[in-house]
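[1] structure, please.
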Amino acid sequence: MAGHSKWAKVKHFKGAIDAKRAKIFAKLGKEITIATKLAGGDPAMNPRLRMALLRARGANMPNDNIDRAIKRGSGGGETVNYDDLTYEVYGPHGVAILIELSTDNRNRTAAEIRSLCTKNGGAIATAGSVTRLFQRKGQIIVTRESANEDQLMEVALEAGAEDFKVDEHGYEIVTDPGQFEAVHKVVEAKGIKPAGAEVTWLPTLTVPLSDPKAINEVSRLIDLLEEHDDVKDIYSNAEFSE
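    Down below sits the predicted model:
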């Protein structure tokens with residue numbers, strides 16, 4: 001999602017037009033199928049599937065689509081093997097971008113991603129140069145309408161959250177990746193429905209962008225990368241002005 005804003009990502013899922021929504025559902029379905037093929041269709045025994053289902057439901061993916069994706073992964077008829085890859089990219093204006101992909105053809109995907117980057121002001125970075133600018137964290141987003149600030153903070157911190165942040169839109173609970181599921185379950189057990197919940201990459205240092213031309217250039221590269229069929233998710237440290 002363009003920019004590091006947690007709320008932008010929530011809106012991206014919730015407000016997608018039909019054509020965009022179909023693309024999101026196709027990618028989520030692919031991830032559910034891959035997760036099922038790798039470790040079975042029982043979410044209780046398959047952490048990757050649990051996370052995929054959590055994201056699918058957060059995007060309001062229909063249950064029929066979810067069930068079909070699980071059946072594809074469980075059926076044994078598909079013999080395609082997928083590799084999970086992470087590409088590190090420097091975009092226009094020094095923005096750092098992490099791209100997570102699942103591909104059945106490494107060479108094809110590498111050539112296509114490299115071409116998209118070089119044609120739009122980006123470049124593939126050396127291993128580690130971009131990941132060092134991010135931290136792997138669990139993130140739970142709750143709107144102001146969904147919870148009382150003091151109660152939510154008490155629940156989150158007692159459950160093992162690392163941090164609790166407040167802004168004009170609502171609340172952000174940050175956890176160690178290993179504590180994410182435990183904290184998320186406690187929050188939902190209190191009857192609080194998060195607007196978004198996932199294990200993600202959070203930037204340790206952001207690049208503020210206020211010039212419209214710069215914002216457009218960075219957004220264009222990220223949007224084009226998001227459109228690629230093999231791309232699962234994108235994280236950047238761009239901070240767009242309102």
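[2] mind checking the longest helix of this protein?
    helix 18-39 (DSSP state H).
[3] okay, buried residues for stretch 24-36 please.
    By neighbour count on 16 or more other Cβ atoms under 10 Å, the buried set for stretch 24-36 is I24, F25, K27, L28, G29, K30, E31, I32, T33, I34, A35, T36. From N, CA and C alone the C-beta is placed, and that goes for glycine too.
[4] please read the previous query as pertaining to stretch 157-175.
    Applying a neighbour-count criterion of 16+ other Cβ under 10 Å, one finds A159, A161, F164, G170, Y171, E172, I173, V174, T175 buried in stretch 157-175.
[5] next one: stretch 235-242
    Of all the residues in stretch 235-242, those buried under the rule 16+ other Cβ under 10 Å are Y235, S236, N237, A238, E239, F240.
[6] now the residues you listed in TSV, with distance to D104?
    Formatted as TSV, the buried residues of stretch 235-242 follow (distance: Cβ to Cβ, whole Å):
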residue	distance to D104
Y235	23
S236	26
N237	30
A238	30
E239	35
F240	34
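[7] can you give me the strands for the protein?
    Ranges of strands within the chain are 83-90, 96-103, 123-124, 134-143, 163-166, 170-175, 196-203, 207-209, 231-236, 238-240, based on DSSP state E.
[8] where in this structure is pLDDT low?
    In the predicted model of the chain, residues 1-18, 76-79, 242 satisfy pLDDT under 70.
[9] walk me through the domains of it.
    Listed by automatic domain parsing, the domain ranges of the chain are 6-75, 83-132+205-240, 134-203.
[10] before we move on, back to that, among the buried residues of stretch 235-242, which one lies nearest to M153?
    E239 (24.6 Å; Cβ to Cβ).
[11] surely the closest one meets A214?
    No: using Cβ atoms under 8 Å, E239 is not in contact with A214, being 11.4 Å away.
[12] thought R114 was touching N120?
    No: counting by Cβ under 8 Å, R114 does not reach N120; the two are 11.3 Å apart.
[13] distance of K165 relative to L202?
    Noted for K165: a distance of 11 Å to L202, by Cβ to Cβ, to the nearest Å.
[14] what touches both of these two?
    V174 (Cβ atoms under 8 Å, 6 or more residues apart in numbering).
[15] give me the nearest residue to R21, chain neighbours excluded.
    Closest residue to R21 apart from its sequence neighbours, by Cβ to Cβ, 6 or more residues apart in numbering: A59 at 7.9 Å.
[16] tell me the phi and psi of that neighbour?
    phi -90, psi 10 (degrees, to the nearest 10).
[17] what is the burial count for it?
    18 (other Cβ atoms under 10 Å).
[18] ok, it to D42 distance?
    22 Å.
[19] next one: E227
    33 Å.
[20] with S74 instead?
    S74 sits 10 Å away from D42, taking Cβ to Cβ as the criterion.
[21] same thing with A147?
    31 Å.
[22] the more surrounded of the two?
    A147 (21 against 12).
[23] the more buried one against K193, yeah?
    No: at 9.2 Å, A147 does not count as touching K193 under the criterion of Cβ under 8 Å.
[24] circling back: just the buried residues of stretch 24-36 now: which is nearest S210?
    Taking Cβ to Cβ as the measure, S210 sits nearest to I24 out of the buried residues of stretch 24-36, at 28.7 Å.
[25] thought that closest one was touching N60?
    No: with contacts counted by Cβ under 8 Å, I24 stays clear of N60, the gap being 9.7 Å.
[26] look up how far V130 lies from I99.
    As judged by Cβ to Cβ, I99 and V130 stand 10 Å apart.
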